[in-house]
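**Student:** below is the sequence, then the predicted model.
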Amino acid sequence: MINKVVRSLKEAISDIFDGAIVMISGFGEAGSPIELIHKLIDHGAKDLTVVSNNTGSGHVGLAALIENRQVKKMICSFPRSANSKVFPELYHNGEIELELVPQGTLAERIRAGGAGIPAFYTPASVNTPLAEGKETRVFNGHKYVLEHGIRADFSLVKCKTADRYGNLLYNKTARNFGPIMCMAANTTIVQAREIVELGAIDPEVVVTPGIFVQRVVHVSNPADESKLVAEDRRYPW
């Protein structure tokens, strides 16, 4: 019997190892798997390369993982935003690496990795510092930059609804990077607000099929990142 539901957050992330490449879903707070990230902090894996849209907010979630010195490199599109306090300071002090990727290119690199496409050409970043050292070609009179697909050892993803097969639904904008990150990891770990019986999700509306998911953990009342940031909360508590 297929049952991808695990009993605890601790069990879900227990094999994330030092030096792993970890994708973390989210667009700001929307879709950010706060509980999985906090449990990863407790777990202690270090020297991680994290692929995410941004570098977190305040001192919780991804920002807390970075602040705890567990991330050696960020691959992201927005390393600095209104509430990003941790990453900018560490970066300017030379304590963390950054690979800056335009947002559309980042999404396509992840999607390509999940689809088995090793590389592709894009006009984004042409004639900018982000194209330095990269292969370029001209198609139909226009210059393009070669970008490589990204795969990860693990993806940490937040969803609204799951079943024990790992079929997933998301909550509106919280869908963002989740579906492609599920495809692009060797092990996809998902925290779900609700876990329903088989058949409760209409197959026609499944967003992420269970074949791309290895573990699901129930988090019925996920943290509100904006609230935690507004309260100046810090993890570990």
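**Tutor:** Looks like it came in fine. Residues are numbered from 1 along each chain as shown.

**Student:** and residue 7, what does it touch?
**Tutor:** residue 217 (C-beta atoms under 8 Å, 6 or more residues apart in numbering). (C-beta placed from N, C-alpha, C; glycine too.)

**Student:** and if you look at the one 3 residues further on?
**Tutor:** Applying C-beta under 8 Å, 6+ apart to residue 10 gives the contacts 39, 42, 43.

**Student:** nearest to residue 170 among the residues you listed?
**Tutor:** Closest approach to residue 170 among the contacts of residue 10 (C-beta to C-beta): residue 39, at 20.7 Å.

**Student:** so that closest one sits in a helix?
**Tutor:** Yes - under DSSP: H, G, I helix; E, B strand; the rest coil, residue 39 falls within a helix.

**Student:** name the nearest residue to it, sequence neighbours excluded.
**Tutor:** With C-beta to C-beta, 6 or more residues apart in numbering as the criterion, residue 39 has its nearest non-adjacent residue at 4.0 Å, and that residue is residue 9.

**Student:** pLDDT score assigned to that neighbour?
**Tutor:** For residue 9, the model assigns a pLDDT of 98.

**Student:** please apply the same query to residue 88.
**Tutor:** Residue 88 is given a pLDDT of 95.

**Student:** beyond the helix or strand hosting it, next helix or strand please.
**Tutor:** Assigned by DSSP states H and E, residue 88 belongs to helix 86-92. Going down the chain from helix 86-92, the next helix or strand is strand 97-100, by DSSP H and E.
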